[in-house]
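Trainee: With the sequence up front, the predicted model follows.
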Amino acid sequence: MLRNIKRNLTMSLLVIIIFFTQCMATQVKDNPTPAAVPAAVPFAEDMSVFPNPERGWYRSMETNDLSINELMHFRDSGITLVAFETNLAAYLNKPLDAVKLNEVDRAFAAAHMAGLEVIFRAAYDFNGRDFPDPKDINIVLNHIHQLGPIFQKYADVLFNIQAGFLGSWGEWHTSNFGPHVKWTPVSPEYQRMVVDALLEEAPVTTTVSVRRPEYVRNIAGKEPLTAEEAFSGSKLSRVGFHNDALMSEKTDMDTYIDPDYPLEKEFAWINNHTRYTPFIAETNTVSSYNDIKNAVPFLDLMNADSLNYEYHPGVLKKWHNSSYNGMNAYDYITLKLGYRIVLRKAEHGGVLAPGGNLHLNLELENTGFGHILREKIFELVLKKDNETIRMPIKEDARFWNKNEPINRAYDFKLPADMSAGNWNVYLGLSSAFDTLRDNPAYSVRFANTDVWDGNLGLNKIGVISVGIGQK
């Protein structure tokens, strides 16, 4: 009997030991050392309208009728792009004078002050006059050359130049540099002259857009633009096209009539080319082609970055009065124009001590119609009181494809002399231009609630405790 009692005591003791061992293991698993395991931060998508650089609706203004006060309020309605129109009708037979050049310079300076970027077009007519341009191409080329110093001076805010200059509205038809027949395009040799001159005078960071995709091929060659060539500064990577008759009818008023490119082939070419070059457009008539059920997939196909805020009023009214995907259709398009970067997940951990290692797992997604098209500085920023630590990330956001999860893992070496305490963790996507890098108006805001710090121009993704509880 004594043997049985000892055996039972032994078994009971063993059960108790196993029980406590399991409890300790569970406690270690459920309450790990804070620095040892990544900490996940939840993020909610922000469905509100807010400004971001190089995307969204644009507003047009003539540089000779510029209202600085009006321009200063564009960002209040989410506008970050202004299309400047410069009328050169008074200079058909002479160089530009100081009055006209100062007019253009002041317009760019105002855009810079207002936190905007510029789409620029110069022409000898903005009212639809026939054959309005000079008869000597050298006058045109000299005007481009005279504007060159302004283009260079404001390289940081000059997003895109619409080739302009020739024909009615600067749209390359009904011009003295083509067959003298209304609506007939400018001849290819003059197309190349104007674009070559603009590419020479404009900063390499600025693209030049022409009115039809066929013109891009006439000027820069028929080989498709590849990811390897994109943003390289080559002619093909810098010449895009804009559409001033978007979704008006089957060919968008002869925008797509290249006999070598039937519509299916043309749209495939456009979809590839506008992946890496801006697509800026305006609607110009109400039709079934711009009914919302057709408009959204077409804008997505075009990788649409920006549309005219004011034109065509009938089309915009139709979108305001329609619904799409459970939203007001106009609001839906507003959210989707250009890029829209959503932070899905951020996990951070590691040896969080001075000189230690910070590990970061990120999941982002671009849910917009378009893409980031200007170079950005991507960086991790740590801030505590008046201390700031910036750690660059070797990542080019221009290659973040839309509708594909962007999963990244990064490791950062923390400075050995950083102070202990709680540090706020931010991600920054700021302008690559030194003149704009610290200006929040030119930094990318993620489409998440409770993330954006408008004073810093940074997106907060969490907090880390450095040197607390570390041995």
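Mentor: Structure's in. What do you need?
Trainee: Can you show me the helices along this structure?
Mentor: 2-30, 68-71, 98-113, 137-153, 188-201, 213-220, 235-238, 263-273, 292-301, 313-320, 329-336 (DSSP state H).
Trainee: Output the contacting helices and strands for the second one.
Mentor: Contact here means 3 or more C-beta pairs under 8 Å, 6 or more residues apart in numbering; DSSP states H and E; on that basis helix 68-71 packs against helix 98-113. (Glycine included, C-beta is placed from N, CA and C.)
Trainee: For the helix it packs on, list the C-alpha coordinates in CSV.
Mentor: Presented in CSV, the C-alpha positions along helix 98-113 are these (Å, rounded to 0.1, in the frame of the first residue of the first chain):
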residue,chain,number,x,y,z
ALA,A,98,10.8,90.9,-71.7
VAL,A,99,7.1,91.5,-71.0
LYS,A,100,6.0,88.1,-72.2
LEU,A,101,9.0,86.3,-70.7
ASN,A,102,8.3,88.0,-67.3
GLU,A,103,4.7,87.0,-67.6
VAL,A,104,5.6,83.3,-67.9
ASP,A,105,8.2,83.6,-65.2
ARG,A,106,5.8,85.1,-62.7
ALA,A,107,3.2,82.4,-63.4
PHE,A,108,5.7,79.7,-62.6
ALA,A,109,6.8,81.5,-59.4
ALA,A,110,3.2,81.7,-58.3
ALA,A,111,2.7,78.0,-58.9
HIS,A,112,5.8,77.3,-56.8
MET,A,113,4.5,79.5,-54.0
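Trainee: Now do it against helix 137-153, angle only.
Mentor: Computed by axes from the mean of the first three to the mean of the last three C-alpha atoms, to 10 degrees, the angle separating helix 98-113 from helix 137-153 equals 30 degrees.
Trainee: if we can go back for a sec, using JSON lines, lay out the helices of the chain together with mean neighbour count, distance to residue 431 and mean pLDDT.
Mentor: Output for those, formatted as JSON lines (neighbours: other C-beta atoms under 10 Å; distance: least, C-beta to C-beta, whole Å; pLDDT from 0 to 100):
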{"stretch": "helix 2-30", "mean neighbour count": "9", "distance to residue 431": "45", "mean pLDDT": "36"}
{"stretch": "helix 68-71", "mean neighbour count": "13", "distance to residue 431": "19", "mean pLDDT": "87"}
{"stretch": "helix 98-113", "mean neighbour count": "17", "distance to residue 431": "12", "mean pLDDT": "97"}
{"stretch": "helix 137-153", "mean neighbour count": "18", "distance to residue 431": "16", "mean pLDDT": "98"}
{"stretch": "helix 188-201", "mean neighbour count": "19", "distance to residue 431": "22", "mean pLDDT": "98"}
{"stretch": "helix 213-220", "mean neighbour count": "22", "distance to residue 431": "26", "mean pLDDT": "98"}
{"stretch": "helix 235-238", "mean neighbour count": "20", "distance to residue 431": "19", "mean pLDDT": "98"}
{"stretch": "helix 263-273", "mean neighbour count": "16", "distance to residue 431": "24", "mean pLDDT": "98"}
{"stretch": "helix 292-301", "mean neighbour count": "16", "distance to residue 431": "26", "mean pLDDT": "98"}
{"stretch": "helix 313-320", "mean neighbour count": "16", "distance to residue 431": "30", "mean pLDDT": "98"}
{"stretch": "helix 329-336", "mean neighbour count": "20", "distance to residue 431": "22", "mean pLDDT": "98"}
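Trainee: got these as CSV, with distance to residue 451 columns?
Mentor: Output for these, formatted as CSV (distance: least, C-beta to C-beta, whole Å):
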stretch, distance to residue 451
helix 2-30, 29
helix 68-71, 28
helix 98-113, 27
helix 137-153, 35
helix 188-201, 38
helix 213-220, 38
helix 235-238, 32
helix 263-273, 31
helix 292-301, 25
helix 313-320, 28
helix 329-336, 16
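Trainee: List just the one of these that sits closest to residue 441.
Mentor: Between residue 441 and those, the shortest separation by C-beta to C-beta is 9.8 Å, and it involves helix 98-113.
Trainee: contacts for that closest one?
Mentor: Helix 98-113 is contacted from outside by 61, 63-64, 66, 68, 71-72, 82, 84, 86, 88, 90-91, 117-118, 146-147, 150, 153-154, 156-158, using C-beta atoms under 8 Å, 6 or more residues apart in numbering.
Trainee: Pull the contacting residues for the residue lying closest to residue 332 once chain neighbours are set aside.
Mentor: Leaving aside its chain neighbours, residue 332 sits nearest to residue 324 (4.7 Å; criterion: C-beta to C-beta, 6 or more residues apart in numbering). Contact analysis of residue 324 by C-beta under 8 Å, 6+ apart lists 292, 293, 296, 332, 333.
Trainee: Low-confidence bits of this protein, can you list those?
Mentor: Low-confidence segments of the chain (pLDDT under 70): 1-41, 469-471.
Trainee: Which positions in stretch 112-124 come out as buried?
Mentor: For stretch 112-124, the neighbour count (16 or more other C-beta atoms under 10 Å) marks 112, 114, 115, 116, 117, 118, 119, 120, 121, 122, 123, 124 as buried.
Trainee: ok, of the residues you listed, which one's closest to residue 267?
Mentor: residue 119 (23.3 Å).
Trainee: Tell me which two of the buried residues of stretch 112-124 sit farthest apart.
Mentor: 115 and 124 (31.0 Å).
Trainee: tally of neighbours for the residue lying closest to residue 388 once chain neighbours are set aside?
Mentor: Leaving aside its chain neighbours, residue 388 sits nearest to residue 381 (6.6 Å; criterion: C-beta to C-beta, 6+ apart). By the measure other C-beta atoms under 10 Å, the count of residues near residue 381 is 22.
Trainee: quick one: contacts for residue 381?
Mentor: Residues near residue 381 by C-beta under 8 Å, 6+ apart: 388, 389, 390, 391, 425, 426, 427, 428, 456, 458.
Trainee: ok, back up a step: among the contacts of helix 98-113, which are in strands?
Mentor: Mapping the contacts of helix 98-113 onto strands (DSSP state E) picks out 61, 82, 84, 86, 117, 118, 158.
Trainee: of all those, which two lie farthest apart?
Mentor: So, the ones in strands among the contacts of helix 98-113 by C-beta to C-beta: farthest apart are 86 and 117, at 16.4 Å.
Trainee: ok, residue 178 - contacts?
Mentor: Applying C-beta under 8 Å, 6+ apart to residue 178 gives the contacts 167, 184, 185, 186, 187, 190.
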